[in-house]
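Colleague: after the sequence you'll find the predicted model.
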Amino acid sequence: MKQFALVLMALAVLGGCKEEAAKAPPAPVDLTETALSYFCQMNIAEHGGPKGQIHLEGYPAPIFFAQVRDLVVYLKSPERDADIVAIYVSDMNAASSWEEPGFDNWIMAQEAVFVVGARVAGGMGAQEVVPFSDAEGAQAFVENYGGAAMTLDDIPDEDVLGPIDFKMKLETPS
């Protein structure tokens, strides 16, 4: 009887581990030279600035975004193809430059610090939302280009969903 109870306990523990493993988010996918941006279907590697990827439930590959602003627009949109299981953005602390933000330096968006309202243009020419892995990197960017540092959940709708002012003088960070 003791052996039966031990077997049941072991199965319960293993079942719990299996359930936990199933809930782990998928790992980020390295950006390739042929990756296309979700909204515009343009080649992402041809555009500077930070990028994003969203993994959807039941889809084998993530959807990529040429601009983090576009990723945030997708998140705030009520119409989606499936439930979101993971969100990754470029870590601009680890980027070699604005023009070369990196192919594999992804961080979870929920852990990033975003600079919103800076005078910088993203890959598609609109004012960008710039992610960093830490507050120090974000604050240094704010000191150079303006804006404010905040979490993903704190990004105001009007900063990403409003009309794009292409007449606004934006910079390309060096």
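Modeller: That came through, no problem.

Colleague: contacts and neighbour counts: CA atoms only from here.
Modeller: OK.

Colleague: isn't E171 up against G122?
Modeller: No. The pair E171 / G122 is not scored as a contact, 9.3 Å apart, by CA atoms under 8 Å.

Colleague: and these two? Which one has more around it.
Modeller: G122 (26 against 14; other CA atoms under 10 Å).

Colleague: next up, the contacts around that one.
Modeller: Going by CA atoms under 8 Å, 6 or more residues apart in numbering, G122 touches 48-50, 66-69, 128-129.

Colleague: repeat the analysis, applying 6 Å as the threshold.
Modeller: Applying CA atoms under 6 Å, 6 or more residues apart in numbering to G122 gives the contacts 49, 67, 128.

Colleague: go on, K167?
Modeller: Applying CA under 6 Å, 6+ apart, no residues contact K167.

Colleague: in a strand, it, correct?
Modeller: No. Counting by DSSP: H, G, I helix; E, B strand; the rest coil, K167 falls outside a strand, being coil.

Colleague: any idea how far D157 is from it?
Modeller: As judged by CA to CA, to the nearest Å, K167 and D157 stand 21 Å apart.

Colleague: on that earlier part again, of the contacts of G122, closest to F39?
Modeller: The nearest member of the contacts of G122 to F39, counting by CA to CA, is Q67 at 10.1 Å.

Colleague: hmm, that closest one is touching K51, no?
Modeller: Yes. Using CA atoms under 6 Å, Q67 is in contact with K51, at 5.1 Å.

Colleague: neighbour-wise, which of those two wins?
Modeller: Shown here are Q67 and K51; by other CA under 10 Å, K51 has more neighbours (32 against 29).

Colleague: list the contacts of the more buried one.
Modeller: So K51 contacts 65-68, 89-90 (CA under 6 Å, 6+ apart).

Colleague: next, give phi and psi for the spatially most central residue of the chain.
Modeller: Using CA atoms, centre = their mean, the residue of the chain that lies closest to the mean C-alpha position is V89, 2.8 Å off. Main-chain dihedrals, V89, degrees, to the nearest 10: phi -130, psi 160.

Colleague: beta-bridge partners for the residue nearest to it when sequence neighbours are not counted, please?
Modeller: Among residues not flanking V89 along the chain, G52 sits closest, at 4.3 Å (CA to CA, 6 or more residues apart in numbering). Here G52 sits in beta bridges with F65, V89, as judged by DSSP bridges.
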